[in-house]
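Engineer: Test case, fold it:
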Amino acid sequence: MIQWLTYIAIVGFVVLLGIYIIGKKRSNKGKGTNPFDFGATSSTWKVNSNEYAQTAYTQSIKTPLLKGIILRIRMRIETLSVYDEYTLRKEVMRIVFTIATLIITIVLAVLIVRPSWLIIFWVFLGVVFLAGVMLDFFVYRVEARLLNQLKEFNNRFRYFYQQSKMVDEAVYESIQHAGPEMRVQADRIYHILTNVDPEAELAKYEEVAPSRFLKIIAGLAVLVKDQGDVINERGSAFLKGLTGVNQELNSEIMYRSKLTYKMRGLTVLSLIPIFGALPIQNWAISTFPVMKTFYESRVGFLAEVLVYGISLLSYFLIRKMREINEAKYQATTKRYKWEKWTLEKVPFLKAIVNGFTPTYFSKEHFKLKKLLKDANSPLKIEWLTLHRMLLTTSGFLLLTIGFWYAHERQEHSTLYSVVPATLFAGNVTDEDYAVFEEQTAFDRQIIEDMREMEGLSSEKLQAHIAAQLGIDNVRDIKIKQATDRISQKWLVVQNSFLKWWEVLVAILAGCMMWMIPVWILQFQRLLRTKDMENEVHQYLILISILKEFERMSVYSILTWLERFGVVFKDPLQEVLQIYDSGPEEALDELGEQISFEPFNQIIERLKLSLIRISIKEAFDDIDMEREFYLEQRTEANQRSLEEKGSWANMLAGAPMSALTFLYLVGPLIYSSVVESKDMLTRL
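Structural biologist: Take a look at the predicted model:
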């Protein structure tokens, strides 16, 4: 069946390629026949590829399976908000075509070289993850271009504002020098400034802006256009804000550049064992044929799974360390709540989940609720319990099935595998291979007869083998060799069943998987710390400018913080709702909800601004605080780069080390030692 699948795949690929070439020739021929057709001579490969991409997008979005893939890739790119609809569709289909070509090419090559369902599964899985690496490459490249173009735009914006002292004119002049990705954002900002209701347009833009820097620039531009710039002995408040944005932007660009340099090629390196295991296995079997026994044994299967597991785990960890996307914690994020549907539709499942969920007033329930809140997870505690149950059950079943399959594979290899008797056989001739094949068939027949024998003993086995070989002397050397060989195979066949300790290992592994969702939430909570620091520093930039305006109040500052907030957005919204009932009580409630010290310091200063001093006096040293946080974050970024670089190098080398020692060197040394011991025994 694998061979037929290979032939069908090759023929299908050739047919699709032929249809594409013929269609392209007909398209070019049709366009060139009409000399009066305007633009006919300007038809290039780029124009044709754009047309094919738009047509393919329209057709793919109608196909159920392809629709999900297209929308997932589109959502990943659409968050950048740097493309119009036409260009966005072209970029999506370019990524899809690249990934599809890669998958088809590699899977076809594997089908031709080594037809095997298991090999195809592992290689296909590796190609899917490699497609994720390619998607990250496309997205990170666009993000890097946007940040660099934003830096240039900010410098131009500052220069033209110093000339005209008009925000909208400065933005318009800067658009002429902006890059393609930044030009889209600059057009949006200019549209906001020239709109009848700039506050409403700004609120819409803040929901889709791909960077926090763009939010700050757009917000400050609207504020200055509405109330005018404040100029004192320290200079322009607006220009000081742009300087603060530039400092943040330079730090972000340098961090991304250094992290990309340290992580270059490591994700691909972690996936090499998935594609390199098959060539190494073929080389080892061709050079040392007895190695086939190891690769088809239970230990060989477990070593293969371990190598692939280490490779995938390293890939996920390296990819996670490479992520430098800004926080996305909006509560309005659309998510299909399959947990709710499952609990409602599956009978008795809700009762089982409630049985494993901690009771409402218990300490464990409070800890999980706080963890979900700190990690900003959309899950409920019942849904988290459902995740834990499904993961535990799946892990137990997969490991149990893996153990069972390893035994079945070892039994099948023992009965049907044609392997030379010595490690140093080298390349086997056709005559020798025919002898080994006949010997394997003879052993398999004897083992089948042994299963039906009653009162099996060594003497009875020798007599049966002698009868089958037609030898009268039971003590003949051939009988003894055949008896020893078949007895060893019989022991392997007899032990090829699922053992109690393997079930126990599967149960323990399932119990460990019960904690994995909680560990993931704890990891997400740790990741929020940096997001909180970035957001507080963004607040300091805003307050350093807002405090210069005379009409600014505590409520206005809280409104600005809520507009630009991501991590602290929900608590700030709650405070704004209860602010009229008591400003000081509302700020106390905000301080109780958030336990992050830098943010609490801002709250304490706002409390002082209510009745005692002005906002400008309360935040008179905010520039010094902002410089301190900037230096502190620079040092933290440096430590983070060093730690991520060392861990990533170690994780990227772990799959190759496992492939070398667990899959080649270790089995080869073990086989050599066993073979040498057998040779000494025979001598």
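Engineer: where does the stretch 451-600 of the chain dip in pLDDT?
Structural biologist: In the prediction, the stretch 451-600 of the chain carries no residues with pLDDT under 70.
Engineer: So which residues of it form strands?
Structural biologist: In the stretch 451-600 of the chain, no segments count as strands under DSSP state E, counting those that start in this stretch.
Engineer: and for stretch 550-565, what are the contacting residues?
Structural biologist: The contact list for stretch 550-565 (Cβ atoms under 8 Å, 6 or more residues apart in numbering) reads 203, 206, 212, 215-216, 219, 227, 535, 538-539, 542-543, 546, 568-569, 572-573, 575-576, 579, 583, 606, 609-610, 615. Just so you know, the C-beta spots here come from the backbone N, C-alpha and C atoms, and that holds for glycine as well.
Engineer: er, stretch 396-414 I mean
Structural biologist: 292-293, 296-298, 301-302, 305, 489, 492-493, 496-499, 502-503, 505-507, 509-510.
Engineer: So how do I select the buried members of these in PyMOL?
Structural biologist: Command for PyMOL, covering only those of the contacts of stretch 396-414 found buried under the criterion 16 or more other Cβ atoms under 10 Å:
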select buried, resi 292+293+296+297+298+301+489+492+493+496+502+506+510
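Engineer: Next step: the contacts of stretch 396-414 restricted to helices.
Structural biologist: Residues of the contacts of stretch 396-414 located in helices (DSSP state H): 292-293, 298, 301-302, 305, 489, 492-493, 502-503, 505-507, 509-510.
Engineer: can you count the residues close to residue 586?
Structural biologist: Residues within reach of residue 586, counting by other Cβ atoms under 10 Å, total 20.
Engineer: Same check on residue 634?
Structural biologist: Residues near residue 634, counting by other Cβ under 10 Å: 13.
Engineer: and it, what element?
Structural biologist: Secondary structure from DSSP states H and E places residue 634 in helix 622-660.
Engineer: any idea which of the ones in helices among the contacts of stretch 396-414 is closest to residue 131?
Structural biologist: Nearest to residue 131, judged by Cβ to Cβ, of those is residue 305 at 22.2 Å.
Engineer: shaky segments in the chain?
Structural biologist: 1-47, 78-84, 107, 110-123, 126, 130, 324-336, 419-428, 674-683.
Engineer: just checking, what's the longest helix in it?
Structural biologist: Using DSSP H to define each element, the chain has its longest helix at helix 117-164.
Engineer: Give me the distance from it to the chain's centre.
Structural biologist: Helix 117-164 sits 15 Å away from the centroid of its parent chain (Cα atoms, centre = their mean, to the nearest Å).
Engineer: how distant is whichever helix or strand comes after that helix from the center of its chain?
Structural biologist: The C-terminal neighbour of helix 117-164 among helices and strands, as given by DSSP H and E, is helix 167-175. Put simply, helix 167-175 sits 39 Å off its chain's centre (Cα atoms, centre = their mean).
Engineer: Setting the sequence-adjacent residues aside, check what's closest to the residue sitting furthest away from the middle of the chain.
Structural biologist: Most distant from the centre of the chain: residue 472, at 67.5 Å, with distances by Cα atoms, centre = their mean. The shortest distance from residue 472 to any residue other than its chain neighbours is 7.2 Å, reached at residue 466 (Cβ to Cβ, 6 or more residues apart in numbering).
Engineer: could you measure the one you found against residue 444, distance?
Structural biologist: Shown here: residue 466 relative to residue 444, a distance of 18 Å by Cβ to Cβ, to the nearest Å.
Engineer: Which residue of those two possesses the greater neighbour count?
Structural biologist: Between residue 466 and residue 444, counted using other Cβ under 10 Å, residue 466 has the larger neighbour count: 19 against 16.
Engineer: quick one: residue 125 and residue 274 touch, right?
Structural biologist: Yes. Counting by Cβ atoms under 8 Å, residue 125 touches residue 274, with 7.2 Å between them.
Engineer: pretty sure residue 591 contacts residue 597?
Structural biologist: No. In this structure residue 591 lies outside contact range of residue 597 using Cβ under 8 Å: 10.6 Å.
Engineer: Quick one: list the elements packing against the helix holding residue 634.
Structural biologist: helix 237-262, helix 266-287, helix 298-322, helix 516-546 (3 or more Cβ pairs under 8 Å, 6 or more residues apart in numbering; DSSP states H and E).
Engineer: For it, buried residues please.
Structural biologist: Neighbour-count burial for helix 622-660, with 16+ other Cβ under 10 Å as criterion, is recorded at 622, 625-626, 629-630, 633, 637, 640-641, 644-645, 648, 651-652, 654-656, 658-659.
Engineer: Need the nearest residue in space to residue 53, chain neighbours excluded.
Structural biologist: residue 93 (4.0 Å).
Engineer: what's near enough to touch that neighbour?
Structural biologist: Contacts of residue 93 (Cβ under 8 Å, 6+ apart): 53-54, 56-57, 60.
Engineer: follow-up on the earlier one: by how many degrees do the longest helix of the chain and helix 298-322 diverge?
Structural biologist: Orientation of helix 117-164 against helix 298-322 (axes from the mean of the first three to the mean of the last three Cα atoms, to 10 degrees) gives an angle of 10 degrees.
Engineer: Give me the helices and strands touching helix 117-164, please.
Structural biologist: With contacts taken as 3+ Cβ pairs under 8 Å, 6+ apart, helix 117-164 sits against helix 64-78, helix 85-113, helix 167-175, helix 180-194, helix 212-227, helix 237-262, helix 266-287, helix 298-322.
Engineer: looking at those helices, which is closest to residue 159?
Structural biologist: So among the helices and strands packed on helix 117-164, helix 167-175 is nearest, using Cβ to Cβ, at 8.2 Å.
Engineer: Now do the buried residues in that closest one.
Structural biologist: Within helix 167-175, judged by 16+ other Cβ under 10 Å, the buried ones are 167-168, 170-175.
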